[in-house]
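1. predicted model and sequence below, questions to follow.
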Amino acid sequence: MGTEVKLEVGHEAPRFSLPASDGSTVSLNDYLGKKRIVLYFYPKDDTPGCTKEACSFRDWRKEIEKHDAVVFGLSADSLKSHEKFVNKYQLNFPLLSDVDHQVAEAYGAWGEKAMYGKKYFGMIRKTFIIGKDGKILYANHKVQADGHAEEILAVLEKL
């Protein structure tokens, strides 16, 4: 268990199919050949950094979509938690529920963390842009929640 995986540009994106906050099931295969995917991993619904990050993706979603991309947030929170988070902040994109963190592990976004001297396993803030061919176009392994959506938009403009 941990972050042995380090996906980089050019790597094949691990396939996934997860339940989403809008009641759908989101599968990478459904977007191949059609859209780029912005997949951002975040630790916890309705916490300060994660809320700031989600709201920035909400506010920049239309601009991001102009670059033939869709946005998905992913955490280990339950669908019920995601639904509350989406409703509270009027998020306009689906949140994916990875409760057993298998997808997060495949992307190297689940690993050991430390807070107040205690070590534990949890979600690591990372973001990937996956191309229509299923390959990683962009990987950020040290995401800062502040200004993150704007950063992704700038990357999409250059791709």
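-> Looks like it came in fine.

2. does residue 64 sit in a helix, a strand or a coil?
-> Per DSSP: H, G, I helix; E, B strand; the rest coil, the secondary structure class of residue 64 is helix.

3. from now on call the first residue 47
-> All right, first residue 47 from here; so that's residue 110.

4. list the residues that contact residue 176.
-> By CB atoms under 8 Å, 6 or more residues apart in numbering, the contact list for residue 176 reads 59, 74, 77, 82-83, 85, 182-183. Heads up, the C-betas are built off the backbone N, CA and C, glycines and all.

5. need those residues in a markdown table with neighbour count, pLDDT and secondary structure, can you?
-> Converted to a markdown table, the contacts of residue 176 look like this (neighbours: other CB atoms under 10 Å; pLDDT from 0 to 100; DSSP: H, G, I helix; E, B strand; the rest coil):
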| residue | neighbour count | pLDDT | secondary structure |
| --- | --- | --- | --- |
| 59 | 22 | 98 | coil |
| 74 | 18 | 97 | helix |
| 77 | 18 | 97 | coil |
| 82 | 21 | 98 | strand |
| 83 | 23 | 98 | strand |
| 85 | 24 | 98 | strand |
| 182 | 19 | 98 | strand |
| 183 | 20 | 98 | strand |
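
6. measure the residue lying closest to residue 99 once chain neighbours are set aside to residue 123 for me?
-> On the basis of CB to CB, 6 or more residues apart in numbering, the spatially nearest residue to residue 99 that is not a chain neighbour turns out to be residue 191, at 4.0 Å. Residue 191 sits 16 Å away from residue 123, taking CB to CB, to the nearest Å as the criterion.

7. picking that back up, name the SS class of the residue nearest to residue 99, please.
-> In terms of secondary structure, residue 191 is coil; the call rests on three-state DSSP.

8. quick one: neighbours of it, just the number.
-> Residues contacting residue 191 under the criterion other CB atoms under 10 Å number 20.

9. what do you get for residue 80?
-> Other residues within reach of residue 80 by the criterion other CB under 10 Å amount to 10.

10. surely it is in a helix?
-> No. Using three-state DSSP, the secondary structure at residue 80 is coil, not a helix.

11. give me the spatial nearest neighbour of it, chain neighbours excluded.
-> Computed as CB to CB, 6+ apart, the closest residue to residue 80 that is not its neighbour in sequence is residue 178, at 6.5 Å.

12. output the contacting helices and strands for the helix or strand bottoming out on mean pLDDT in the chain.
-> Each helix and strand of the chain was given a mean pLDDT (mean pLDDT, DSSP states H and E); the minimum falls on strand 156-161 at a mean of 88. Judged by 3 or more CB pairs under 8 Å, 6 or more residues apart in numbering; DSSP states H and E, strand 156-161 is in contact with strand 164-169.
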